[in-house]
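> Give me the fold of what follows.
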Amino acid sequence: MNINWYPGHMKVTKDLLKANLKLVNIVIEVIDARIPRSSKNPDFDELFKDKKRLIVLNKYDLADSNINREWEEYYKKQGWSVVLYNSTNHKELKKLENAIEDASREIVERYKNKGFLHKTIKAMIAGIPNVGKSTLINSLAKKRSTKTGNIPGITKQKQWIRLTGNIDLLDTPGILWPKFTDEESSLDLAFTGAIKDEVLELEDILFKFVQRMEKMGLEKSLLERYGVEAGERTIDTIDNIAKKRACIYNKTEIDYLKVSRMILKDYRDGNLGRISLERPTTGTF
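The predicted structure is shown next:
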């Protein structure tokens, strides 16, 4: 599979990041806890190498709790601050605010030593599309300061947002990289919705997803969710689910697009359980 998706606004965003990086003290990088490796833009490590960084493992409630801890320790060993976060749960807002404050502490102390007692800390938030970045910002700003949605790339321009305390936050649009050369990463991004469904062959993506579930030994979550038996082949299992959930047209034909949308949505919404697709020790499953 060769997914090549690089809309014009992605290049504009990368140029924007470079241009504004000198204005900020700390970078808050949001990644998807289910696929930390694939949802982390590889360009960022070089781009942000001289900046203090806070890694936000967002959507951790959709990922395996044991593997979450593995990733948390992995990033801490890189020298970065880390926080597990669920941007849709407002009760966790204080945890994120504390993480930003802790990650900024060294910078604040440096300013104090120079006599700047009330210096504003400027932070940049960055991440690929659809990792929950805009929802996170709205929670921090305590108002709907950015337009949110499930469509990747919906935030298209930068904006500064004043947070509690002396922190100004620079929002930036989600940015992917020009070409996906690793098929597993491409698939993980497709499974989680980071790549627009409209540019994908969803039927193929679903087949690969069910295959991955079988490889991971998690096909039981699919069978229990839809109340079906496993088929002899992957396609047979998909057919069983389609028939059970009436994903049919012309009375007997399987509607593969409909069943693909249903199963992938259930995965993305957490209805199949807490499933991590990557771990730091072995890469993808």
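> contacts, neighbours, all on C-alpha from now
Will do.
> who touches stretch 244-256?
With contacts defined as Cα atoms under 8 Å, 6 or more residues apart in numbering, stretch 244-256 is touched by Glu203, Tyr226, Gly227, Val228, Asp239, Ala242, Lys243, Lys258, Val259.
> any chance you could map the helices in the stretch 151-285 of the chain?
183-192, 202-215, 219-226, 234-244, 256-268 (DSSP state H, counting those that start in this stretch).
> Report the buried residues of the second one.
Judged by neighbour count (16 or more other Cα atoms under 10 Å), helix 202-215 contains these buried residues: Leu202, Glu203, Ile205, Leu206, Phe207, Lys208, Phe209, Val210, Gln211, Arg212, Met213.
> who's in contact with the last one?
Spelled out, that is Met213. Taking Cα under 8 Å, 6+ apart, one finds Glu219 in contact with Met213.
> what about it, distance to Gly273?
12 Å (Cα to Cα, to the nearest Å).
> Pull the number of nearby residues for Tyr85.
A count of nearby residues for Tyr85, using other Cα atoms under 10 Å, gives 21.
> how about the residue nearest to it when sequence neighbours are not counted, phi and psi?
Closest residue to Tyr85 apart from its sequence neighbours, by Cα to Cα, 6 or more residues apart in numbering: Asn58 at 4.8 Å. The phi and psi values for Asn58, taken as degrees, to the nearest 10, are phi -80, psi 160.
> Asn58 pairs with what?
Counting by DSSP bridges, Asn58 is bridged to Asp32, Tyr85.
> related to what we said a few turns ago, could you dump the buried residues of helix 202-215 into TSV with pLDDT added?
Below are the buried residues of helix 202-215 laid out as TSV (pLDDT from 0 to 100):
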residue	pLDDT
Leu202	94
Glu203	96
Ile205	96
Leu206	97
Phe207	97
Lys208	97
Phe209	97
Val210	97
Gln211	96
Arg212	95
Met213	95
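> In JSON lines, list these along with distance to Thr88.
Shown next, in JSON lines, are these (distance: Cα to Cα, whole Å):
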{"residue": "Leu202", "distance to Thr88": "26"}
{"residue": "Glu203", "distance to Thr88": "29"}
{"residue": "Ile205", "distance to Thr88": "26"}
{"residue": "Leu206", "distance to Thr88": "26"}
{"residue": "Phe207", "distance to Thr88": "29"}
{"residue": "Lys208", "distance to Thr88": "28"}
{"residue": "Phe209", "distance to Thr88": "25"}
{"residue": "Val210", "distance to Thr88": "27"}
{"residue": "Gln211", "distance to Thr88": "29"}
{"residue": "Arg212", "distance to Thr88": "27"}
{"residue": "Met213", "distance to Thr88": "26"}
